[in-house]
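K.L.:
how would this look folded up:
(one chain, ligands or ions: 1)
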Amino acid sequence: VAPKLYDYYRSTAAYRVRIALNLKGIDYEKIPVNLKPGLDEQHSTAYRLVNPQSRVPTYVDGFFNVGQSSAILEYLEETHPEPALLPRDPVHRAKVRELCAIIGCDIHPVNNLSILQYLKNELNVDPLDVQNWYSHWIHQGFGAIEAHLERSELAGHPYCFGEHLSMADLYLTAQVYNANRFDVDISAYPLILEIDAACQKLPEFNKAAPENH
Ligand SMILES: N[C@@H](CCC(=O)N[C@@H](CS)C(=O)NCC(=O)O)C(=O)O
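P.N.:
Predicted coordinates for the structure are as follows:
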């Protein structure tokens, strides 16, 4: 039985996982969970049984299911080691994970749909200020990532860590998509843009892109 991915096309967390599944050549069945405000399928009783956190993605492999994109990516890496999305060398692995965490732990969680909705609907924050909030955390995180990339000899040749793709490229491209979707000007981050452009040339990234889902 093919594994299943509970997914929403615009979810950046699910987007990371779709890219990894494509790169590793894993066939999977997509089960859409519509997060569109008003539909809110993530909160349905049926989906809560699959994922008590009411978030996507969730990956189902046989009788086992797991949420949280970082846990899914590590599971895929361990069960389908080729092509590797983490370098062998512990120092390089740590640097890849550092970049992933800047996005996965510090940018995405504060800019996620439920956070923005809470600001708007519960705290009555002005929509313009919600936009400022969103772009503030993008600039804060992307500024740090750009500085990390500038210090590395590998960055941009052509990916975050040189000629081999890594998990960092998955996190980065998904977050760039989201920043563009929210009209944040990210022209101040040339290395990020260069790496994103290199990744977008690959069919595995293209096939995973929200516009193709
Ligand atoms: N840390 C989680 C984040 C998952 C997450 O927040 N997903 C968003 C979409 S990108 C979601 O399901 N949001 C639903 C909601 O906020 O109600 C991961 O990496 O999987």
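
K.L.:
all contacts plus neighbour counts: C-alpha atoms, from now on.
P.N.:
OK.

K.L.:
how far out from the middle of the chain is the lowest-mean-pLDDT helix or strand in the chain?
P.N.:
Ranked by mean pLDDT, DSSP states H and E, the helix or strand of the chain with the weakest confidence is helix 113-117, at a mean of 93. Relative to the chain's own centre, helix 113-117 is displaced by 16 Å; criterion: CA atoms, centre = their mean, to the nearest Å.

K.L.:
Give me the contacts around that helix.
P.N.:
109, 130 (CA atoms under 8 Å, 6 or more residues apart in numbering).

K.L.:
So which residues of the chain form strands?
P.N.:
4-7, 29-32, 58-61, 64-67 (DSSP state E).

K.L.:
Can you give the strand pairings for the third one, parallel or anti for each?
P.N.:
Here strand 58-61 is paired, per DSSP bridges, with strand 4-7 (antiparallel), strand 64-67 (antiparallel).

K.L.:
can these go into TSV with extra columns for distance to residue 87, mean pLDDT and mean neighbour count?
P.N.:
Below are these laid out as TSV (distance: least, CA to CA, whole Å; pLDDT from 0 to 100; neighbours: other CA atoms under 10 Å):
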stretch	distance to residue 87	mean pLDDT	mean neighbour count
strand 4-7	25	98	23
strand 64-67	24	97	15
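
K.L.:
of these, which approaches the ligand most closely?
P.N.:
With respect to the ligand, and counting by CA to the nearest ligand atom, the nearest of those is strand 64-67 at 6.2 Å.

K.L.:
how about the residues of this protein that lie near the ligand?
P.N.:
Residues of the chain lying close to the ligand (CA under 6 Å from any ligand atom) are 11, 12, 13, 55, 56, 57, 68, 69, 70, 112, 113, 114.
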